[in-house]
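1. Here you go, sequence then predicted model.
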Amino acid sequence: MKDRFGREIDYLRISVTRRCNFRCAYCGAGEAGGEELSPAQFAAAAAAFRRAGIRKIRLTGGEPLIRGDIDEIAARVNAAAAPDYLAITTNGVLLKEKAAALKAAGVRGVNLSLDTLDGDCFRQLTGADALPAVLAGLETALSLGFDKVKINAVLLRGVNDDGAEKLVELAREYPLDVRFIELMPAEGGEQRNLMIPADELLRRFPFLKPVPGGDGTAAHYSAPGFRGRIGMISPVTKKFCNGCNRVRLLSDGRVKPCLGQAETYDLRPYLEDAEQLYRAVAAAIEQKPAGHHFERGARLAPMNTIGG
């Protein structure tokens with residue numbers, strides 16, 4: 001369905017938990033816990049969103065693989081909503097042991113958050129000595145033949161930006177996308193002056209040339225000999241709100257139509273009534289705001305509280 005600005009909203013991100021086993025520098029403090037819907041409740045909500053026109057669904061966190069029932073959530077959402085594409089975003093620590101069950105549950109794509117390939121820097125950024133486990137998860141995802149495997153990297157000036165070359169090399173060696181995402185200003189997170197604009201990265205890698213196949217947020221690049229692609233996602237310097245097609249369902253049952261705005265709409269009173277639930281979903285989509293205002297100094301709530 002369309003929102004009040006005429007945008008076709010067909011992409012739902014479902015945050016299944018606020019909990020995370022990392023404490024990343026840019027994520028902010030946030031809350032570690034909070035209410036979490038059951039697999040059946042997530043499925044009911046997903047079905048209502050599908051009726052409202054959602055075709056693509058992504059499971060996120062926090063860290064979604066922390067939930068012991070994540071494969072059940074994926075399977076129930078897949079069965080209830082029958083999305084054209086079901087994916088998951090994870091930090092990868094538990095991916096090696098859970099990837100096969102996720103694929104069997106209907107997950108077709110994996111996005112792995114990985115900001116550096118240097119072990120010391122990884123510990124500094126995440127607070128966890130877990131880089132080998134993350135890389136093992138990546139290897140498993142590639143070996144299982146998911147439709148898409150993507151790496152999401154946020155570079156912080158003077159912290160991990162000197163490792164960008166090694167991340168780019170992953171797209172040369174493997175059939176995956178490495179996507180550099182501009183740091184968004186979050187409460188409790190790192191300061192905006194650490195953000196590295198996408199155009200600055202492109203100047204560092206002049207051999208990268210534009211290629212077709214954008215997905216609405218990422219501009220894609222590649223080079224001769226590359227098996228994969230490089231993506232640039234620029235929510236700060238190249239605001240793409242006019243074409244935004246997504247909304248978020250938070251782990252406690254609230255809809256957040258825009259990541260950069262405070263408004264939420266509670267679905268919990270309607271989860272037992274499919275018709276009322278659909279109407280609540282449609283109303284939340286229709287009220288999606290025009291966009292964020294990072295350019296005016298606005299800041300996000302802590303990332304792990306909003307299913308970022």
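-> Arrived safely, thanks for sending.

2. from memory residue 230 sits against residue 204, does it?
-> No. Using Cβ atoms under 8 Å, residue 230 and residue 204 do not qualify as a contacting pair, with a distance of 11.3 Å. In short, each C-beta sits where N, CA and C put it, glycine included.

3. which of the two has more neighbours?
-> For residue 230 versus residue 204, neighbours defined as other Cβ atoms under 10 Å are more numerous around residue 230 (26 against 12).

4. which residue packs closest to that one, ignoring adjacent ones?
-> residue 221 (4.6 Å; Cβ to Cβ, 6 or more residues apart in numbering).

5. The one you found - that's part of a strand, no?
-> Yes. With the criterion set as DSSP: H, G, I helix; E, B strand; the rest coil, the secondary structure at residue 221 is a strand.

6. burial count for it?
-> The criterion is other Cβ under 10 Å. On that basis, residue 221 has 22 neighbouring residues.

7. Likewise for residue 155?
-> Under the neighbour criterion other Cβ under 10 Å, residue 155 is assigned a count of 23.

8. and if you look at the one 4 residues further on?
-> Taking other Cβ under 10 Å as the criterion, the count of residues near residue 159 is 18.

9. Distance-wise, check it relative to residue 116.
-> 9 Å (Cβ to Cβ, to the nearest Å).

10. Any chance you could list residues touching both of these two?
-> When contacts are counted by Cβ atoms under 8 Å, 6 or more residues apart in numbering, residue 159 and residue 116 have residue 125 as shared neighbours.

11. who touches the residue nearest to residue 230 in this structure?
-> The contact partners of residue 221, by Cβ under 8 Å, 6+ apart, come to 202, 205, 208-211, 229-232.

12. Recalculate using a threshold of 6 Å.
-> Contact analysis of residue 221 by Cβ atoms under 6 Å, 6 or more residues apart in numbering lists 208, 210, 230.

13. mind listing what residue 251 touches?
-> The neighbourhood of residue 251, defined by Cβ under 6 Å, 6+ apart, consists of 15-18, 36.

14. Lowest-confidence one in the residues you listed?
-> When the contacts of residue 251 are compared on pLDDT, residue 18 comes out least confident, at 93.

15. what about that residue, how many neighbours?
-> Here the neighbour count serves as a burial measure; for residue 18 (other Cβ under 10 Å) it reads 24.

16. can you tell me how far it sits from residue 63?
-> Distance, residue 18 to residue 63, using Cβ to Cβ: 9 Å.

17. Apart from its chain neighbours, what residue comes closest to residue 141?
-> In space, residue 141 is closest to residue 110, 4.7 Å off (Cβ to Cβ, 6+ apart).

18. does that neighbour sit in a helix or strand, and which one?
-> Under the criterion DSSP states H and E, the helix or strand holding residue 110 is strand 109-113.

19. Much appreciated, bye for now.
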